[in-house]
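Asks: Structure of the sequence below:
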Amino acid sequence: MKKQNKLVVWLKSLPVAVIFLLWLLNANKFIYAQISSPTAIPTLSLSNTASQNQTSSSVEPKQDSQLIAAIAAFGSLLSGIAAILALRKSQNNEKINDLLSKQIFKYFDSLIKQSKDPIEKKRLLDQKKFFEEELRALTKRSDASKKAGKWLKDRRERLAEEAVQHALSDKFITNKDIKEKLYSHLNDYLHGIQESLLEICDTDYIDELVNELASHHVLDSSDYKKALQFLINDKIPESNLSLDSQEELKNYFDYLIRSLP
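Replies: From the prediction side, this is the model:
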């Protein structure tokens, strides 16, 4: 019975752990998951567990029912989280966010409804409120990132040209091939930032670009960093972007600069 009590408590304590795990999965910010059918936790298994508990433990049916309810609630959450990878591959981030938040709120509501202890219920309500606030903050960052990504997409090639001019301003380079390759590299890096803001929502693509391009740099990495820093200091502040969007944009630029060898 003590083991069952511990399991019920453990299952009911999961919301915060689950939220933070999913939140930290995406460093910028964005919790994305995929929702699948409830077959991730077979209904038969739960019903079998229920019947077994009802027949084998008549001493404490309340504890058994709490355990079954907690397992069922957790199973409902798992049925949503079991689908995390497929929708993420589709890059349908808005739909993914919506589905995940609904699934977690459904889990909270299920536990709150089951709880008979006022203290426990308040704890769950507080956790739900915390998640709602975090979700609003993430949604705000998501919107800011998309606007920043759109701004960069519309100006990327021109910004790459200006960055090349700045990087070469104190150098006497007449080799056209060097200029073209420098432009190509900077344009690719900016494209990586653009896609991270608009679609990918993490730094993996930027890491891939650095690994692919760094060994082919036509100038010192310090020159590439100088070009990128110029865009941070001069071009982003000149934009009509909100401060939140500028911050999201700068975060990726800073990450790229730190990643260059």
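
Asks: Can you classify Pro237 by secondary structure?
Replies: The local conformation at Pro237, judged by DSSP: H, G, I helix; E, B strand; the rest coil, is coil.

Asks: let's have the chain start at 19 instead
Replies: Right, with 19 as the first residue, what we last looked at is Pro255.

Asks: Roughly how far does it sit from Lys164?
Replies: 20 Å (CB to CB, to the nearest Å). Bear in mind the C-beta positions are built from the backbone N, C-alpha and C, glycine included.

Asks: Please identify which of these two sits among more neighbours.
Replies: Lys164 (18 against 10; other CB atoms under 10 Å).

Asks: list the contacts for that one?
Replies: By CB atoms under 8 Å, 6 or more residues apart in numbering, the contact set of Lys164 is Leu215, Leu216.

Asks: host element of it?
Replies: Under the criterion of DSSP states H and E, Lys164 resides in helix 136-185.

Asks: Which helix or strand lies directly C-terminal to that helix?
Replies: helix 194-213.

Asks: What confidence value was assigned to the residue lying closest to Leu274 once chain neighbours are set aside?
Replies: Taking CB to CB, 6 or more residues apart in numbering, and ignoring the residues beside it in sequence, Leu274 has Ile224 as its nearest neighbour in space, at 5.5 Å. pLDDT, Ile224: 92.

Asks: Quick one: residues contacting Ile224.
Replies: Tyr207, Gly210, Ile211, Ser214, Tyr270, Tyr273, Leu274, Ser277.

Asks: Lys164 versus Asp262, what's the distance?
Replies: For Asp262, the distance to Lys164 - CB to CB - is 11 Å.

Asks: ditto for Val236
Replies: 33 Å.

Asks: Is it correct that Lys168 is in contact with Leu216?
Replies: Yes. Counting by CB atoms under 8 Å, Lys168 sits close enough to Leu216 to count as a contact (7.2 Å).

Asks: Give me the more crowded residue out of those two.
Replies: Leu216 (18 against 15).

Asks: and the spatially closest residue to the more buried one that is not a sequence neighbour, what does it touch?
Replies: Among residues not flanking Leu216 along the chain, Gly167 sits closest, at 3.6 Å (CB to CB, 6+ apart). Residues near Gly167 by CB under 8 Å, 6+ apart: Gln212, Glu213, Ser214, Leu215, Leu216, Glu217.

Asks: at 7 Å instead, please
Replies: Gln212, Leu215, Leu216 (CB atoms under 7 Å, 6 or more residues apart in numbering).

Asks: Pipe those residues into TSV and attach distance to Pro136 per row.
Replies: Formatted as TSV, these follow (distance: CB to CB, whole Å):
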residue	distance to Pro136
Gln212	51
Leu215	45
Leu216	46
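
Asks: Let me have those in TSV, extended by pLDDT.
Replies: Listed next are those as TSV, based on pLDDT from 0 to 100:
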residue	pLDDT
Gln212	95
Leu215	90
Leu216	88
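
Asks: And those, which is closest to Leu156?
Replies: Proximity of these to Leu156 (CB to CB) peaks at Leu215, which lies at 14.5 Å.

Asks: Just give the nearest non-adjacent residue to that closest one, would you?
Replies: Closest to Leu215 by CB to CB, 6+ apart is Gly167, at 3.2 Å.

Asks: Do you know the pLDDT at the one you found?
Replies: 94.

Asks: what's the distance between it and Gly210?
Replies: 11 Å.

Asks: again, but for Asp195
Replies: 23 Å.

Asks: So if I had to pick from these two, which one is more boxed in?
Replies: Using other CB under 10 Å as the criterion, Asp195 and Gly210 rank with Gly210 on top: 22 against 8.

Asks: Done for today, thanks.
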